[in-house]
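Fold the following for me, if possible:
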Amino acid sequence: MQLRPYLLPMKPIEILPEHPARDIDLNTELDALALRYRNASGLGMKVLGILGMPVGGLLKTLPDDVQNGLGSATELALTQAVKWADGSRAVVKDQPDWINASITAALGAAGGAGGVTSSLAELPITVTVLLRAIQGVAVQYGFDPSHDSVRFDCVQVLAANGPFEEDRGADLAMLEQRAGLAVGGAKWISAVIVPRLAPVLGQKLAAQMVPVIGAAAGAATNFAYTSYYQDIAHVHFGLRKLAVEADVDHATLAADLVARLGKKS
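The predicted model follows:
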């Protein structure tokens, strides 16, 4: 695992110099972030709906050996993704959100066409593209993915629940907390991120294995996942940028955002 350990106090998040100061209306900015959060993965889920894809109880449809190996498969995929995503930044430029979704859709189609074996083989590549997409969103908000704290945030976004979960409470906790900074990077990923990400990726694998439409299901599922994680990344880094630019404590802004999300619209 090529992550430097988070043993020292976290440095301030670095903002890239080309992003100048601007006038800020906190209420408007927070309302926009709340709306994006509520609508996360909306387009992707509509695509799944058109295909008649089931999104409930997916994990139970996986073979027992695949379910039992989800943790190790997820850790391997994430380990490779962190290394490949960081290493690719010097040679492959960040892509617009829609291109990232298109790339993962193509990967999902290839994985879904071949069943369990090809779906598992596709997993590290898809997670790499997801992580690069998240890093690209960070750059859109002026954050440098080579900085330790930003690298941490990019991986942390992958701890979100995924597009198939209705209960987003854990995602809100992700916005409020930064647990695990005192733990070495690899240990933190194994202890915190993998247990959250494994069932999410298990749902993805199960969706790709729907009989008859495996390739279409794989494409639609990856599209939904990429759309979702990019939206969560926009909320995550949008909130962090707002905290820096408005000179307001991040925890205070996160609590305000959570309160807005708790209100009935």
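
all helices in the stretch 51-200 of the chain, in order from the N-terminus.
Assignment of helices within the stretch 51-200 of the chain using DSSP state H, counting those that start in this stretch yields the ranges 64-68, 70-88, 97-113, 115-140, 148-157, 169-176, 185-188, 194-208.

quick one, which of those helices is nearest to residue 241?
helix 115-140 (9.5 Å; CB to CB). All C-beta atoms are positioned from the backbone trio N, CA, C, and that covers glycine.

what about the nearest residue to residue 123 once chain neighbours are set aside, neighbour count?
Leaving aside its sequence neighbours, residue 123 sits nearest to residue 77 (CB to CB, 6 or more residues apart in numbering; 4.5 Å). Around residue 77 sit 23 other residues, with neighbours defined as other CB atoms under 10 Å.

now do residue 145
Look at residue 145: counted by other CB under 10 Å, it has 20 neighbours.

what about the closest residue to it other than its chain neighbours, distance to residue 68?
Counting by CB to CB, 6+ apart, the nearest residue to residue 145 once its immediate chain neighbours are dropped is residue 135, at 4.2 Å. In this structure, residue 135 and residue 68 are separated by 31 Å, where distance is defined by CB to CB, to the nearest Å.

the inter-axis angle of the longest helix along the chain versus helix 194-208?
Once the chain is assigned using DSSP state H, the helix that runs over the most residues is helix 214-246. Direction vectors for helix 214-246 and helix 194-208, defined by axes from the mean of the first three to the mean of the last three CA atoms, to 10 degrees, enclose an angle of 140 degrees.

which strands and helices sit next to helix 214-246?
Using 3 or more CB pairs under 8 Å, 6 or more residues apart in numbering; DSSP states H and E as the contact test, the elements touching helix 214-246 are helix 26-38, helix 42-50, helix 97-113, helix 115-140, helix 148-157, helix 169-176, helix 194-208, helix 250-262.
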